[in-house]
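Q: Based on what follows, work out the 3D shape:
(one chain, ligands or ions: 1)
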Amino acid sequence: MPASLSSAYGMTLDDWIEWMAEHDQSKFRAKQVVQWLFLKRVTSFDEMTNLSQSLREELKKEFTIGLLPSVRLTGSQDTTRKFLFRLSDDRLIETVKIPANANFDGDRSGRITLCVSSQVGCAYDCKFCASGLAGFTRNLTAGEIVGQVMTAEHETGDSIRNIVFMGMGEPLANLTQLTKALTILNADWGMNLGARHMTVSTSGLAPQIEKLAKIPMQIRLAISLHGATDEVREQIMPVNKKYPIQRLFQALDVWMAHKKQMVTFEYILIEGVNDSLEQAAILAKRAKSLHAKVNLIPYNTVEGLPWKRPDIPQQDAFLKVLSKANITATIRREKGHDIDAACGQLRLQEEGDWLAVPTSPEK
Ligand code: SF4
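A: Coordinates of the predicted model:
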């Protein structure tokens, strides 16, 4: 699609009302457009048959529908599906569909989960992560975020009722577009997804957590903790130097004061780095202070990175420390392991020596 066209999926109903007013059209036309997009799921403006031909032509001059072309779709034995989508500027992003019986968070609800990306690349440079390897290129627009969900449904015929922002990028570094996308995904005129079925995962951007806490939507929050002390966390997550654990927990107190949802700590177990039983004991204390849940994720090897996953007895011993302290904790034996391990890998394979243009993400 030409770069100058915007995605129709990135417009809120209020945006459409404003756009229609600028084009001498009534509010009613705005409602018709969102119905065609999200309810009737048309793939072209020509199918919007209750709009005049001239209005459809006006729409075509400014917008594309917003479905994303997929470069590659890979599947694993456990029916996890990984999409590689090409954006209008030829950048690539990943989106992963996780089957209902193998869901994020051990959810056995029967809902299919989609793991979406929020940026092209990532600036946060977590040492275990493939997305950080190519650096940060740009934020996704709300249309590109919603487009991942709409396209995944369109291509698979599945109804996606759970979304996790755990793909490429730090979602809270793209707070404006993230918030807009959450609004469109949640709205009854939009995708009508329950806020409780949307989880935003962050490396711990404390001020943005506090801002997100004040948005009146009961979304869920997951923290990529990956270290129970500053000393250990700093080794693998440079963001900890800017927002050490104490500052992060201040922000989490603000979150808890505004939301009724339990926070989840994501903790990737890396051999010899953060998998000691001392770390487990401190993690248990921290989780208890917030009544947080812990997801342990044995590390998946990333080509070009030195880290390894601990053996199963060590994983189990770590879990046992948490369970003994009455923390709700699970080990997520990673799904999709046979197609790719961590976020960012598929794009790196596809692009070879593709280079990111380094710019600063929104703060
Ligand atoms: S783990 Fe998340 S925040 Fe860290 S580099 Fe990867 S995508 Fe970025």
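
Q: shaky segments in the stretch 51-200 of the chain?
A: 76-78, 100-110 (pLDDT under 70).

Q: Show me what from it comes close to the ligand.
A: Selection of the stretch 51-200 of the chain residues close to the ligand by Cβ under 6 Å from any ligand atom yields 122, 124, 125, 126, 129, 131, 132, 168, 169, 170. Quick note: C-beta positions are derived from backbone N, CA and C, even for glycine.

Q: For the ligand, give me its nearest residue in the stretch 201-350 of the chain.
A: residue 203 (3.8 Å; Cβ to the nearest ligand atom).

Q: all helices in this structure, in order from the N-terminus.
A: Under the criterion DSSP state H, the chain contains helices at 13-22, 27-34, 53-62, 142-156, 175-186, 206-213, 230-236, 239-242, 245-258, 277-290, 312-324, 345-351.

Q: looking just at contacts, which helices and strands does the fourth one meet?
A: In other words, helix 142-156. Packing partners of helix 142-156 (3 or more Cβ pairs under 8 Å, 6 or more residues apart in numbering; DSSP states H and E): strand 6-7, strand 70-75, strand 81-86, strand 92-98, strand 112-115, strand 160-165, helix 175-186.

Q: Name the residues of it that are buried.
A: Buried positions in helix 142-156, judged by neighbour count with 16 or more other Cβ atoms under 10 Å: 142, 143, 144, 145, 146, 147, 148, 149, 150, 151, 152, 153.

Q: what does the shortest one give?
A: Of the residues in helix 239-242, those buried by neighbour count under the rule 16+ other Cβ under 10 Å are 239, 240.

Q: Now do it: everything it contacts.
A: With Cβ atoms under 8 Å, 6 or more residues apart in numbering as the test, helix 239-242 has contacts from 124, 126, 203, 204, 205, 227, 230, 233, 234.

Q: how does it look with 7 Å?
A: 124, 203, 204, 230, 233, 234 (Cβ atoms under 7 Å, 6 or more residues apart in numbering).

Q: what's the answer for the fourth one, then?
A: The list of residues contacting helix 142-156 from outside it, by Cβ under 7 Å, 6+ apart, reads 6-7, 9-10, 66-68, 70, 81, 83, 85, 87, 95, 97, 114, 116-118, 159-160, 163, 177, 180-181, 184-185, 191.

Q: of all the helices of the chain, which lies closest to residue 199?
A: helix 175-186 (10.8 Å; Cβ to Cβ).

Q: before we move on, back to that, would you list the helices of the chain in TSV and tack on distance to residue 219?
A: What follows is the helices of the chain, written out as TSV (distance: least, Cβ to Cβ, whole Å):
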stretch	distance to residue 219
helix 13-22	19
helix 27-34	21
helix 53-62	30
helix 142-156	14
helix 175-186	6
helix 206-213	8
helix 230-236	24
helix 239-242	21
helix 245-258	10
helix 277-290	17
helix 312-324	25
helix 345-351	26
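
Q: give me every residue that touches residue 117.
A: Counting by Cβ under 7 Å, 6+ apart, the residues that residue 117 touches are 93, 94, 95, 140, 148, 167, 168, 169.

Q: Which of the residues you listed sits closest to residue 199?
A: Nearest to residue 199 among the contacts of residue 117 is residue 167, at 11.9 Å by Cβ to Cβ.

Q: Apart from its neighbours in sequence, what residue is nearest the closest one?
A: Excluding its sequence neighbours, the residue lying closest to residue 167 (Cβ to Cβ, 6 or more residues apart in numbering) is residue 117, at 3.5 Å.

Q: Return the distance of the one you found relative to residue 248.
A: Using Cβ to Cβ, to the nearest Å, residue 117 is found at 23 Å from residue 248.

Q: same check, this time on residue 80
A: 30 Å.

Q: before we move on, the earlier item: put together JSON lines for the contacts of helix 239-242, with neighbour count on each row.
A: Listed next are the contacts of helix 239-242 as JSON lines, based on neighbours: other Cβ atoms under 10 Å:
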{"residue": "124", "neighbour count": "22"}
{"residue": "203", "neighbour count": "26"}
{"residue": "204", "neighbour count": "26"}
{"residue": "230", "neighbour count": "14"}
{"residue": "233", "neighbour count": "24"}
{"residue": "234", "neighbour count": "15"}
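
Q: Which pair in the residues you listed has the greatest spatial separation?
A: By the measure Cβ to Cβ, 124 and 230 form the most distant pair in the contacts of helix 239-242, at 16.3 Å.
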